[in-house]
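>>> No sequence on hand, only this structure:
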């Protein structure tokens, strides 16, 4: 490979990645983009399963330039990614997890999309293999969009194509103090700083692989780490986006994806001590960021749970979580006075609980989806129908 600047630097952090690393690297070799336009920077993060040795074997036979760095275990994915980013020379950087793989045309398509539209970040469609994957943002290909005009805030993993100049200009690095959610912080900052984002929805660019041993990094870690992640993400949004609807729309992500699951079915299995600790960890976050502008964007059971967390009402919260877990349908309640429509989840108009009616007000989407809220089409009187038929006969006779 010449000393010319490559199009893409593929950064791979590997820790105990065998045998998944084999298919990962095969997918790199299979890329349709000219190998001379690629470089691989692979960081073995203290593996003991032969990952480092396999990376070195790959470097000897690969058709593109490969740099292998071996280091002591850093305790998370941020360290290896930062090391790789520091060595990258490409116009773009792609972070590839060692247990995942690329679609053959992924990098060729992503580079073309970024070049054609002068965008700083490109999202390629993600497919889950033995695990879930984000779906809502792949409805259609978007040559140029942003984080406020699309659903890209719901995919904040690091597996995107980033323009390296953007990362360099803002001295962007992964936060090594975070042991989970570090990629969400990095990616959201890139979305916010980017001059345009592209979405490729018509080709599977990335295969997110679920490991048989269950050791995928996103599944590990104490619940306290989730609160650390939510705190960092909420802080970034507050710092970079002025108060108002745009900030509220972004805050949905940490509330729905990071915070709320801690008060879902897992909460029913938690000990009283853990429940109390979760409420304690959540309180400063809710005091600082929770308000009606965000609440009105959530479904009733979502905002109801967060309101109860904010009040520290673990007893009432458990009732709501159990109701949702059992997939029960709340009764649709139309106020006889015409004051409003509500979904009667547990403790609706329970005097002892004292919860405000507005906590049970459905979103427009919920209202449309519930049969009881649909207006009844008035039936025409039989006399009218007879008259209508007679009029039609007269017209035909003419």
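Structure received. Given the structure is predicted, the values throughout are model-derived calculations rather than measurements.
>>> And the strands in the stretch 1-150 of the chain?
Using DSSP state E, counting those that start in this stretch, the strands of the stretch 1-150 of the chain run over residues 8-14, 38-45, 65-71, 92-97, 101-102, 121-129, 142-145.
>>> Output the ones you listed as CSV; include the columns mean neighbour count.
C-beta coordinates here come from the backbone N, C-alpha and C atoms, glycine included. Output for the strands of the stretch 1-150 of the chain, formatted as CSV (neighbours: other C-beta atoms under 10 Å):
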stretch, mean neighbour count
strand 8-14, 26
strand 38-45, 26
strand 65-71, 17
strand 92-97, 25
strand 101-102, 24
strand 121-129, 21
strand 142-145, 17
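>>> Of all the ones you listed, which one comes closest to residue 330?
strand 121-129 (30.6 Å; C-beta to C-beta).
>>> Redo the strands of the stretch 1-150 of the chain as TSV? Include mean pLDDT and distance to residue 163.
As requested, these are exported to TSV (pLDDT from 0 to 100; distance: least, C-beta to C-beta, whole Å):
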stretch	mean pLDDT	distance to residue 163
strand 8-14	98	11
strand 38-45	98	16
strand 65-71	98	20
strand 92-97	98	6
strand 101-102	98	19
strand 121-129	97	7
strand 142-145	98	14
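>>> Among those, which comes closest to residue 231?
That would be strand 92-97 among those, by C-beta to C-beta, at 23.1 Å.
>>> For the closest one, which outside residues touch it?
7-13, 24, 28, 77, 81, 84-85, 102, 107, 110-111, 114, 158-164, 167, 183 (C-beta atoms under 8 Å, 6 or more residues apart in numbering).
>>> Apply 7 Å and report the result again.
Outside strand 92-97, the residues within contact range by C-beta atoms under 7 Å, 6 or more residues apart in numbering are 7-12, 24, 81, 85, 102, 107, 111, 114, 158-159, 161-164, 167.
>>> Spit out the contact partners of residue 364.
Residue 364 touches nothing, counting by C-beta under 7 Å, 6+ apart.
>>> Distance check, it against residue 153.
20 Å (C-beta to C-beta, to the nearest Å).
>>> in the helix or strand hosting residue 202, what's buried?
If you go by DSSP states H and E, residue 202 is part of strand 197-209. Residues of strand 197-209 classed as buried by neighbour count (16 or more other C-beta atoms under 10 Å): 197, 198, 199, 200, 204, 205, 206, 207, 208, 209.
>>> can you pull the pLDDT of the first one?
Note for residue 197: predicted pLDDT of 98.
>>> Can we start the residue count at 41 from this point?
Will do, 41 is the new start, and the previous item becomes residue 237.
>>> Could you list the low-pLDDT ranges of the stretch 241-390 of the chain?
For the stretch 241-390 of the chain, the stretches with pLDDT under 70 are 254-261.
>>> residue ranges for the helices of it, please.
263-280, 285-293, 305-309, 312-329, 332-335, 340-351, 354-365 (DSSP state H, counting those that start in this stretch).
>>> Just put those in JSON lines and tack on distance to residue 132 and mean neighbour count.
JSON lines is the format used below for the helices of the stretch 241-390 of the chain (distance: least, C-beta to C-beta, whole Å; neighbours: other C-beta atoms under 10 Å):
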{"stretch": "helix 263-280", "distance to residue 132": "23", "mean neighbour count": "19"}
{"stretch": "helix 285-293", "distance to residue 132": "25", "mean neighbour count": "18"}
{"stretch": "helix 305-309", "distance to residue 132": "38", "mean neighbour count": "14"}
{"stretch": "helix 312-329", "distance to residue 132": "33", "mean neighbour count": "15"}
{"stretch": "helix 332-335", "distance to residue 132": "34", "mean neighbour count": "16"}
{"stretch": "helix 340-351", "distance to residue 132": "37", "mean neighbour count": "21"}
{"stretch": "helix 354-365", "distance to residue 132": "42", "mean neighbour count": "17"}
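>>> Tell me which of those helices sits nearest to residue 73.
helix 285-293 (31.6 Å).
>>> what's in contact with the closest one?
187, 188, 193, 194, 274, 277, 281, 329, 333, 334, 337.
>>> List the contacts of the fourth one.
I take that to be residue 194. Going by C-beta under 7 Å, 6+ apart, the list of residues near residue 194 reads 174, 176, 177, 293.
>>> ok, now how distant is the residue nearest to residue 106 when sequence neighbours are not counted from residue 108?
Counting by C-beta to C-beta, 6 or more residues apart in numbering, residue 99 is the residue found nearest to residue 106 once chain neighbours are left out, at 3.8 Å. Note on residue 99: its distance to residue 108, by C-beta to C-beta, is 5 Å.
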